[in-house]
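[1] A predicted structure for the sequence below; I have some questions about it.
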Amino acid sequence: MFDFLKSPILTFQEFISLAGRATINIVRRPFYANDMMIQMDVIGVGSLPITVLIGFFSGAVMALQMSRALSQYGATGQVGQITAITLVREMGPVLTALLVAGRNASGIASELGSMKVTEQIDAMRALGTDPVKKLVTPRLLAMCCTLPLLTILADMIGIIGGFIVAVPMLRLTTTEQYWNNAWRSLEYNDIAQGLLKPLVFAFIIALVGCLYGIRTTGGTQGVGRATTQAVVVASVWIFVFTFLITRVFVNL
Amino acid sequence: MSSSVLKFENVSLSFDGVENVLDNVSLEMHAGDTLIILGAAGAGKTVMVKIALGLLGSTSGRITLFGQDVTKFTEPQWFTIRPRIGMLFQEGGLFDSLTIEENVAYPLVNRTKMTAEQAKPKVEEALKFVELGHTLDKFPSELSGGMRRRVGIARAAVSDPDLLLYDSPTAGLDPITANRIMALIIQEREIRNATSAIISHRFQDGHMMANFRYNPESKKLERMPEDSPLRQRTRFLVMHDGRIVFEGNERELDASRDPYVSKFSMHRSIH
């Protein structure tokens, strides 16, 4: 009767086990620092241009949308506050994570998936390397280091984007007021959730990508399937977790 | 009798939804033996060698490697015994982000404390042996299928393993390349005196292993004398639907009346 639940529960169990093994390996020898650096370059540096772009436009569109709503109440001076809070709390972390999920969860899943179907992962085990240690842990660490940094960057650029719309373009407020407003409105609570979210999302993106990659079966078709699934599953979990984390922080 | 290298006792494996991928398989290999595993696709040949290497677990039965019961080994324990086994994967299983040199050096650098520099002479020697000494800086994608297979052989043998497992070394290759690969495997057997198991679906591969030896002086393959001990130590195994349906020497294989088994001896006339 509950047979349809078997597969998701099994996947979840595999996820937890992989998460555990990958995390424990952070403190176990040997360390593959080189692999981690390469991944940080691929994930961090590789995602820079697109993060800057979406950061800028999400801030700009936020200010644009708010301009009308705020002018109804004669509160256009508050545009800095609104842009800063929405970006730092929600838009920055979630949009960056979704972008990196699309870019890198798929990249990781297809790379590991191809390795799986061409028996490279088996070969790795046969030649004395733990694939979790060599492939999963460096990706997890690289993601955990770079995603919060990318998010901070997206937030910053977003607030600048909002500024450009609010001050030079629409003249809603003055430069001093915008920055003062943006700066003062952010509390530790906002910063904390704004940094906790990318860290949790980094875990989700890296591990979902690796899990779907490692359990790929069925040749090249399987690799395609694994890639799609990884992006979809990672994106869904990003939304679920942003809700859960916000729920906790709202009451603090 | 020389020491037992690999022993399967009533080993079975079932996956979720697929019953009896391996069904009650028992076999034993002693040091210096050559085992040729024949069978159609999906007969369980690859699964069998993967179990022998601990890449897959068995559902029931007992597996002994070098006199040690490995049935309940955990992955870290397997890492201690795998260096004694060399494996050639189907299609080679080379890491395509690494150069040929790094690929062959991989087992040396990862298992021993050797640096890439220290491993280099051994890597060069192993690659020269498979006649690919000039490909050190190339990537696997730049090589042909047969060359990749040869790099795979070099990588499997570079750490001087006691047991060599070849998974379909000639599958999908033209007859000339296939014969060249088999000649290398025979050479490997002669020089290292390693115990080898070869999975194949071509009877010719087994025929070559059973009848030819490498002469280090003339550097050529030559027909073994009738009374050669190597001849006695080359056995054939035919698998069908996860079961071993035949085990014996070449003459017995030829004499078999079983319709499935005799399919693997029909091409004799080629040699």
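    Nice, thanks for sending it over. The shown structure was predicted, so the numbers you read here are calculated from the model rather than taken from an experiment.

[2] could I get the full set of helices for chain B?
    In chain B, the helices defined using DSSP state H lie at B:45-52, B:75-81, B:100-111, B:116-129, B:145-157, B:175-192, B:203-211, B:229-232, B:250-255, B:259-262.

[3] for the third one, name the packing helices and strands.
    Where contact means 3 or more Cβ pairs under 8 Å, 6 or more residues apart in numbering or on different chains; DSSP states H and E, helix B:100-111 is packed against helix B:116-129, helix B:145-157. Where you see a C-beta, it was placed from the backbone N, CA and C, and this is true even at glycine.

[4] most neighbours per residue, which of those?
    Sort those by mean neighbour count, taking mean count of other Cβ atoms under 10 Å in any protein chain shown, and helix B:145-157 sits at the top with a mean of 24.

[5] gap between residue A:25 and chain B?
    Per Cβ to the nearest Cβ, to the nearest Å, residue A:25 is found 12 Å from chain B.

[6] mind listing what that residue touches?
    Shown in contact with residue A:25 (Cβ atoms under 8 Å, 6 or more residues apart in numbering or on different chains): A:130, A:132-133, A:136-137.

[7] buried among those? Need that as a selection in ChimeraX.
    Buried subset of those, written as a ChimeraX selection, criterion 16 or more other Cβ atoms under 10 Å in any protein chain shown:
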select /A:130,132,133,136,137
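
[8] which stretch in the helices of chain B has the least confidence?
    Note on the helices of chain B: helix B:229-232 shows the lowest mean pLDDT, a mean of 80.

[9] that helix: how far from the chain's middle?
    Computed by Cα atoms, centre = their mean, to the nearest Å, the chain-centroid distance of helix B:229-232 equals 18 Å.

[10] write out the residues of the stretch 151-271 of chain B neighbouring chain A.
    With Cβ under 8 Å from any Cβ of the partner chain as the criterion, the stretch 151-271 of chain B comes near chain A at residues residue B:155.

[11] residue of the stretch 151-271 of chain B nearest chain A, please.
    As assessed by Cβ to the nearest Cβ, chain A sits closest to residue B:155 within the stretch 151-271 of chain B, at 7.6 Å.

[12] how about that residue, what does it touch?
    Neighbours of residue B:155 in contact, by Cβ under 8 Å, 6+ apart: A:127, B:86, B:88, B:94, B:103-104, B:106-107, B:126.

[13] separation between it and residue A:72?
    Distance, residue B:155 to residue A:72, using Cβ to Cβ, to the nearest Å: 71 Å.

[14] can you check residue B:217 too?
    98 Å.

[15] please apply the same query to residue A:114.
    On the measure of Cβ to Cβ, residue A:114 and residue A:72 end up 54 Å apart.

[16] higher neighbour count, these two?
    Per other Cβ atoms under 10 Å in any protein chain shown, whichever of residue A:114 and residue A:72 has more neighbours is residue A:114, with 19 against 8.

[17] give the contact list for the more buried one.
    Residue A:114 sits in contact with A:120, A:220, A:223, where contact means Cβ under 8 Å, 6+ apart.

[18] mind redoing it with 7 Å?
    residue A:223 (Cβ atoms under 7 Å, 6 or more residues apart in numbering or on different chains).

[19] after the helix or strand where it lies, which helix or strand is next?
    Using DSSP states H and E, residue A:114 sits in helix A:106-117. Using DSSP H and E, the helix or strand that follows helix A:106-117 in sequence is helix A:120-126.

[20] who does that next one touch, helix- and strand-wise?
    Under the contact criterion of 3 or more Cβ pairs under 7 Å, 6 or more residues apart in numbering or on different chains; DSSP states H and E, helix A:120-126 touches helix A:131.

[21] just give me the residue closest to the centre of chain A.
    With distances taken as Cα atoms, centre = their mean, residue A:97 lies nearest the centre of chain A, 2.3 Å away.

[22] I'd assumed it was in a strand, is it?
    No: the assignment for residue A:97 by DSSP: H, G, I helix; E, B strand; the rest coil gives helix, which leaves it out of any strand.

[23] which residue sits closest to it, ignoring its sequence neighbours?
    residue A:201 (3.8 Å; Cβ to Cβ, 6 or more residues apart in numbering or on different chains).

[24] can you tell me if stretch A:222-232 touches chain B.
    No: counting by Cβ under 7 Å from any Cβ of the partner chain, chain B has no neighbours in stretch A:222-232; the shortest distance is 13.6 Å.

[25] buried stuff in that stretch?
    A:222-223, A:225-227, A:229-231.

[26] and stretch B:75-89, by the same measure?
    Under the neighbour-count criterion of 16+ other Cβ under 10 Å, stretch B:75-89 has B:78-79, B:82-83, B:85-89 buried.

[27] residues contacting residue B:260?
    B:240, B:245.

[28] should've said residue A:235
    Contacts of residue A:235 were listed using Cβ under 7 Å, 6+ apart, and they are A:98, A:101.
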